[in-house]
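Participant: any chance you can model this:
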Amino acid sequence: MSMKQFFLILPAFLFASLAYAQSSTNSKTTSSPAAGEHSTPPISTSPTTPPTVASAIDREISVVEKELVEAAEAMPEDKFDFSPEKLNVAGSDYKGVRTFGEQLKHVAASNYLIWAPIVGDKAPATANEGKGPDDMKNKAEIIKFLKDSFAYGHKAVATLTVSNLVQPITSGSGRPTTRLFLATFAPAHAFDHYGQIVEYLRMNGIVPPASRAGN
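Facilitator: As a prediction, this is how the structure comes out:
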């Protein structure tokens, strides 16, 4: 065989080899695995939704929401009026601190106050200057108030876009701010009070759900 004939035949040979290899691979992929073997799951090629600032903040809200709601549900209803003041710790200065229920109402009310300006809303009257409804004492009502405030937060941050994140707006207290600051400050504030709520649970012999084994 001349060199010219060899180079004419070579491309056809390579093409046939590649086609055979592809056919062999497909056959192995579609055939059932032998006894004792495990088939390799197919790699998903479905596109994933790219993250955004709004989705990142929404995830942060979900984290603190879960921990606070679970902590609230873990405390017995007859302890919703508990505060460290009731322990009468010598040398302490707990007089007038919020009760467990008041802590939760404060977080919920503050959520409304902080997030409302993002969408140009006025906070509901139930925010009551960050205290929540004065006559709300029932555990179920307080937890619902808390959950509803987080639901409002999810809706508020869903309106965030690259173009409006740092546009100057006015906070509920009348100060100049941005949507980005308010959107992130609310979960930070909630985490701050979650730290206090955790101590309230432990003072009553309750391990916070987020700190239990397996979590």
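Participant: chain center to stretch 188-208, what's the gap?
Facilitator: 18 Å (CA atoms, centre = their mean, to the nearest Å).
Participant: can you give me the helices in this structure?
Facilitator: With DSSP state H applied, the chain shows helices at 3-30, 53-74, 100-119, 139-157, 179-203, listed in chain order.
Participant: how many residues are close by Ser92?
Facilitator: Ser92: 11 surrounding residues under other CB atoms under 10 Å. To be clear about C-beta, it is placed using only N, CA and C from the backbone, and glycine gets the same treatment.
Participant: now do Ala186
Facilitator: By other CB under 10 Å, 27 other residues sit near Ala186.
Participant: nearest residue to Asn128 other than its sequence neighbours?
Facilitator: For Asn128, ignoring the flanking residues on the chain, the nearest one in space by CB to CB, 6 or more residues apart in numbering is Ala109 at 6.1 Å.
Participant: which stretch in the helices of the chain is the model least sure about?
Facilitator: Ranked by mean pLDDT, the helices of the chain end with helix 3-30 at the bottom, a mean of 41.
Participant: report the contact partners of the residue most central in space within the chain.
Facilitator: Geometric centre of the chain, nearest residue: Ser62, 2.4 Å, by CA atoms, centre = their mean. Taking CB atoms under 8 Å, 6 or more residues apart in numbering as the criterion, Ser62 is in contact with His154.
Participant: try Val107
Facilitator: Val107 makes contacts with 68, 146, 149, 189-190, 193-194, as judged by CB under 8 Å, 6+ apart.
Participant: do Ser92 as well
Facilitator: Pro84.
Participant: measure it to Lys86 for me?
Facilitator: Remark: distance between Ser92 and Lys86 (CB to CB, to the nearest Å) = 11 Å.
Participant: same thing with Val162?
Facilitator: Distance from Val162 to Lys86, counting by CB to CB: 49 Å.
Participant: kindly report the same for Thr170.
Facilitator: 40 Å.
Participant: circling back: nearest to Asn128, out of the helices of the chain?
Facilitator: For Asn128, the closest of the helices of the chain is helix 100-119, at 6.1 Å, according to CB to CB.
Participant: only the buried residues of the closest one, if you could.
Facilitator: Neighbour-count burial for helix 100-119 flags 100-118 (criterion: 16 or more other CB atoms under 10 Å).
Participant: tell me the angle that helix makes with helix 53-74.
Facilitator: Inter-element angle recorded for helix 100-119 and helix 53-74: 160 degrees (by axes from the mean of the first three to the mean of the last three CA atoms, to 10 degrees).
Participant: from the chain's centroid, how far away is helix 100-119?
Facilitator: For helix 100-119, the distance to the chain centre is 17 Å (CA atoms, centre = their mean).
Participant: okay, the angle between that helix and helix 139-157?
Facilitator: Using the same axes, to 10 degrees: helix 100-119 against helix 139-157 is 20 degrees.
Participant: so how far is stretch 86-104 from its chain's centroid?
Facilitator: On the basis of CA atoms, centre = their mean, stretch 86-104 sits 29 Å off its chain's mean C-alpha point.
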